[in-house]
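Asker: quick one, structure for this:
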Amino acid sequence: MSAFTALTSRTVVLRERNIDTDQIIPARFLTTTQRQGLGRYAFNDWRYLADGSPNPEFVFNRPENAGAQILVAGRNFGCGSSREHAPWALTDLGLRAVISTEIADIFRSNALKNGLLPIVLDSDVVDELLDRPGIELSVDVASRSVILPGGRRVQFPLDAFAQTCLLEGVDQLGYLLKQQTAIQRYEELRHAR
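Answerer: From the prediction side, this is the model:
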């Protein structure tokens, strides 16, 4: 996982509400434990027509959205079953952040463990973003803020541990492994008593 300190990108918009993890990546593609390559299955049933050809109407198939790293979605994003494959698919698709008024807790936890930043903002801000697809936003993890066009800065909640992991580019295990020297020192002192 690479460090995530800041990001400036155009947005891609999915106005739908209640986008569940099976819509993010259908269960039939959960046959691997490899993260790479799952992006081709992200939103599979919306991205492709019955004959397997790309759906030209779907936002991720439109040329103007190529390279966008911030998804703005309708309320209750990531609901449904817990599957780490969902954030894996989204990051492999090129996304680094998802903005909504509500993001399901399990999805939020899985996303943060895998370098995808779930951002919850007030409905008036998200409504503005939903109405303006393709605008450029900046995300600053250190200040926990999104900078809107015109320079307006909007804060978002992010717990300190998740923020540290994102800034350092580590997951929970990676964070613990970085503490190995301090842990060994503690154990030595404890055994010396």
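
Asker: helices along this protein, start to end?
Answerer: 21-24, 44-47, 85-92, 105-113, 123-130, 160-168, 172-178, 180-192 (DSSP state H).

Asker: elements contacting the second one?
Answerer: Read that as helix 44-47. If you count contacts as 3 or more CB pairs under 8 Å, 6 or more residues apart in numbering; DSSP states H and E, helix 44-47 packs onto no helix or strand. Just so you know, the C-beta spots here come from the backbone N, C-alpha and C atoms, and that holds for glycine as well.

Asker: give me the buried positions along that helix.
Answerer: Neighbour counts over helix 44-47 (16 or more other CB atoms under 10 Å) mark 46-47 as buried.

Asker: ok so, going back, and among the helices of the chain, the most buried is which?
Answerer: helix 85-92 (a mean of 25; mean count of other CB atoms under 10 Å).

Asker: so how far is the helix-or-strand element of the chain with minimal mean pLDDT off the chain centroid?
Answerer: Within the chain, no helix or strand scores below helix 172-178, which has a mean of 76 by mean pLDDT, DSSP states H and E. Averaging C-alpha positions (CA atoms, centre = their mean, to the nearest Å) puts helix 172-178 20 Å from its chain's average.

Asker: repeat for stretch 46-55
Answerer: On CA atoms, centre = their mean, the centre of stretch 46-55 falls 24 Å from the chain's centre.

Asker: check stretch 7-26 too.
Answerer: 9 Å.

Asker: list the buried ones in it?
Answerer: For stretch 7-26, by 16+ other CB under 10 Å, it's 7, 9-14, 19, 21-26.

Asker: with Ser143 as the reference, name the closest of the helices of the chain.
Answerer: In terms of CB to CB, the element of the helices of the chain nearest to Ser143 is helix 160-168, at 10.0 Å.

Asker: got the angle for the closest one vs helix 105-113?
Answerer: Orientation check (axes from the mean of the first three to the mean of the last three CA atoms, to 10 degrees): helix 160-168 against helix 105-113 gives 40 degrees.

Asker: list the residues that contact the closest residue to Leu38 other than its chain neighbours.
Answerer: Once flanking residues are discounted, Leu38 sits nearest to Ala89: 4.1 Å by CB to CB, 6 or more residues apart in numbering. Ala89 is in contact with 24-25, 29, 38-39, 41-42, counting by CB atoms under 8 Å, 6 or more residues apart in numbering.

Asker: and which of the residues you listed is nearest to Glu188?
Answerer: Leu38 (42.8 Å).

Asker: what about Ser138, distance to Ser82?
Answerer: 31 Å (CB to CB, to the nearest Å).

Asker: that'll do, ta.
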